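Peer 1: 3D model of this:
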Amino acid sequence: MGLGRVSGFVLLGIAAVGWLLVVTFLVVQKMAREVTLPGMFLGIVLATLCFAAPLAAAGIFLLVKGRTEEAQMARARLERELLNMVLTQGKVTFSEAAITLNVSREEVESLVRSLVGKNLFSGAVHWDKGVLYSQEVMTLYQERRCPNCGGEFEPAGKGLLVCPWCGAEIFLHRDRPQTGSA
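Peer 2: Got it, this is the predicted structure:
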C-alpha cells in the first residue's frame with residue numbers, strides 16, 4: 001500500500017476519533033447540565049465543520065490519489081517487466097508477453113507504445129506479427145536489415161526506421177548513435 005493511502009486512512013481515523021471524542025465530551029457535559037441542548041448541537045456542528053470534515057476530505061483525497069499512484073506504479077512495473085523480457089530474450093511475441101504479464105495483447109501493444117513514447121524502448125516492432133526485437137538483436141544487423149524479412153530499412157522519422165517490405169519498425173534511442181545505411 002502506498003504512502004498516500006496510508007496517510008488517507010490515518011487522517012480519516014484522526015477525524016473519526018476526534019469527532020467522537022468531541023461528541024462524547026459534549027454529551028457528558030449535557031448530562032452533567034454544564035451545557036444546554038442547543039450548545040451541545042452547536043458544538044457538534046462546529047466539530048464536524050471545523051475539524052472532522054476537513055480532515056476527512058483530506059483523507060479521502062489522499063486515498064483517491066494513493067489509488068492513482070498505485071495504478072501508475074503497477075503500469076511502470078509492467079513496462080519494466082516487458083523491457084526486461086525483450087532484453088533477456090532478444091525476441092518476444094506480444095502473445096508471450098501477454099501471458100507472462102497476465103494482461104491482454106492490446107495492453108501489451110499499449111505498453112510498447114508507451115515505452116516508445118517515453119524513449120525507453122529501442123529495437124524493432126513488427127506490429128502485424130506482434131513481435132518485439134531488442135536493440136541488441138538489431139546490432140546483429142549492421143546493414144540495417146530487417147530481423148523479420150531481411151529487407152533494408154528506410155528512415156521514417158527521428159529515431160524510426162521502417163521495413164518497406166513487411167512493415168516492421170525499429171525505434172532507436174535518440175542518445176545512441178545511429179550506424180549503418182540509415
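Peer 1: and the helix or strand hosting Leu11, which residues are buried?
Peer 2: Secondary structure assigned from DSSP states H and E places Leu11 in helix 3-31. Residues 4-5, 7-8, 11-12, 14-15, 19, 22-23, 26, 30 are the ones in helix 3-31 that count as buried (16 or more other C-beta atoms under 10 Å). Every C-beta, even on glycine, is put in place using the N, C-alpha and C of the backbone.
Peer 1: out of these, what pair is the most spread apart?
Peer 2: Gly4 and Lys30 (38.7 Å; C-beta to C-beta).
Peer 1: can you pull the buried residues of the longest helix seen in the chain?
Peer 2: Longest helix in the chain, counting residues (DSSP state H): helix 53-89. In terms of neighbour count (16+ other C-beta under 10 Å), helix 53-89 has its buried residues at 55-56, 58-59, 62-63, 65-66, 78-79, 82-83, 85-86.
Peer 1: Would you mind giving those residues as TSV with pLDDT and distance to Val116 added?
Peer 2: Shown next, in TSV, are the buried residues of helix 53-89 (pLDDT from 0 to 100; distance: C-beta to C-beta, whole Å):
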residue	pLDDT	distance to Val116
Leu55	94	43
Ala56	95	42
Ala58	94	38
Gly59	94	38
Leu62	92	33
Leu63	91	33
Lys65	90	28
Gly66	87	29
Leu78	94	15
Glu79	94	11
Leu82	94	11
Leu83	90	11
Met85	89	16
Val86	86	12
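Peer 1: Out of these, which is nearest to Asn148?
Peer 2: Distance to Asn148, by C-beta to C-beta, is smallest for Val86 among those, at 14.9 Å.
Peer 1: okay, and the helix or strand of the protein with the least pLDDT?
Peer 2: Every helix and strand of the chain was ranked by mean pLDDT, DSSP states H and E. The lowest is strand 154-157, at a mean of 63.
Peer 1: partner strands of the next helix or strand after that one, parallel or antiparallel?
Peer 2: Using DSSP H and E, the helix or strand that follows strand 154-157 in sequence is strand 160-162. According to DSSP bridges, strand 160-162 forms sheet pairs with strand 154-157 (antiparallel), strand 169-171 (antiparallel).
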